[in-house]
Structures are given as structure tokens and as C-alpha cells.
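# 3D model of this:
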Amino acid sequence: MKKLSLCLTLSVFSSLPLTAQSADTQRQAEVAKLGADVMPFSLRATTHVFTKTRDGGTQRVVAKDDASDVTQVRLVREHLQLIQKQFQAGDFSGPSYIHGNEMPGLAQLKAAKPGQISITYMDVARGGELSFRTTEPSLVSALHAWFDTQVSDHGADAMEGHAHHHGAHSQD
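The predicted structure is shown next:
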């Protein structure tokens, strides 16, 4: 009896990662479909790199192929410049549409007062980058939660960066 109980317990626990992985795969497919409505560039042809820093972080989007993919690079840069303006105006409708209104950190970012988060744009090799900076600890936490969700939701098309990465604004 103990042996049967142990086998059943092991089979339940061994199936958990597959269930979580299946849910992640479904979520990532849903996000990719919705993302195509908001982002003019190809998610498969680009990578989102989210780097957390002590005062916020950076969101870098780059073409996966070399810089000769001028169409993707142009579309990435135009999109990031547009969302910089939208976010500065408190308009987070893009992330709300793609990731849902319950996206971790999103409510706090929407509620931020003008000027509480500095959002700057710059061109980088093969794409563009947004830097988010704030002195408000709760908004830093919201940005980090928001970054984590995007890395998870975008799957293979996103990754965590490192604070020492070129272009990151760390105060270490």
C-alpha cells in the first residue's frame, strides 16, 4: 500500500512542471497573438531584454539578425519612441491589451504622477532602448514586477539583462 501511495504521489509531482510549462506555452502564444496587434515589428525576429537596476531598469528591443534587417530595426525604434510618449502621458493601454489589466506592477505605473518616472529613449545597435528611472521605491518594485511578467509572457522572445550590461543605468 505504501508503495502504491508513493508511486501516485511521485506521478502527481512529476506532472506538475509539464502542467506549468503547458500553461506558460499557452500564455506565451496568447501574448504573441495580442502583441502583433500592438507592436509593428516581428516578435520572432526580435528580442526584448529587460534589465533591472536599483532605480528602475531598461527595456531594450533588438533585431535577432544583424543590423541589415533595417525594416525590423526601424519598426522597433518607431514603436519604442511612441510608447515612450504614451507612457509619459500615463497611457499604458498597450501593455494592458497584451498582458491584461491585472499585469503585476501595471496599476502602480498607471497611478504614478507625472514626473515620478523618467522615461528616456535611445537608439542602440540593431534596435532601441527605453530607460525607466524613479526615486520612488514602490515604483521601482512595480517596474521590476512589470519586467518579470514581460520576460515570462514573451518566452523565447524575451530575456533578463544584467545591470552591468552596456546601456543599463545602475547606481551600483
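
# What ranges does the chain have for its strands?
All strands of the chain, identified by DSSP state E, fall at 46-53, 56-63, 118-124, 127-133, 158-160.

# so what does the fourth one touch, helix or strand wise?
In this structure, strand 127-133 makes packing contacts with strand 56-63, helix 70-88, strand 118-124, judged by 3 or more C-beta pairs under 8 Å, 6 or more residues apart in numbering; DSSP states H and E. In short, each C-beta sits where N, CA and C put it, glycine included.

# Name the strands paired with the first one and say parallel or antiparallel.
Same thing as strand 56-63. Strand pairing for strand 56-63, using DSSP bridges, gives strand 46-53 (antiparallel), strand 127-133 (antiparallel).

# on that earlier part again, can the helices and strands packed on strand 127-133 go into TSV with extra columns for mean pLDDT and mean neighbour count?
Formatted as TSV, the helices and strands packed on strand 127-133 follow (pLDDT from 0 to 100; neighbours: other C-beta atoms under 10 Å):
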stretch	mean pLDDT	mean neighbour count
strand 56-63	93	24
helix 70-88	92	17
strand 118-124	97	15
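
# looking at these, which is closest to residue 153?
strand 56-63 (13.3 Å; C-beta to C-beta).

# if we can go back for a sec, kindly present the helices and strands packed on strand 127-133 as a markdown table, with separate columns for distance to residue 42.
Output for those, formatted as a markdown table (distance: least, C-beta to C-beta, whole Å):
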| stretch | distance to residue 42 |
| --- | --- |
| strand 56-63 | 9 |
| helix 70-88 | 6 |
| strand 118-124 | 18 |
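
# from what I can see residue 159 touches residue 51, true?
No: using C-beta atoms under 8 Å, residue 159 is not in contact with residue 51, being 9.6 Å away.

# These two: which is more packed in?
More neighbours surround residue 51 than the other of residue 159 and residue 51, with 23 against 14 (other C-beta atoms under 10 Å).

# shaky segments in the protein?
Along the chain, the parts satisfying pLDDT under 70 run over 1-23, 27-41, 66-68, 98-100, 154-158, 163-172.
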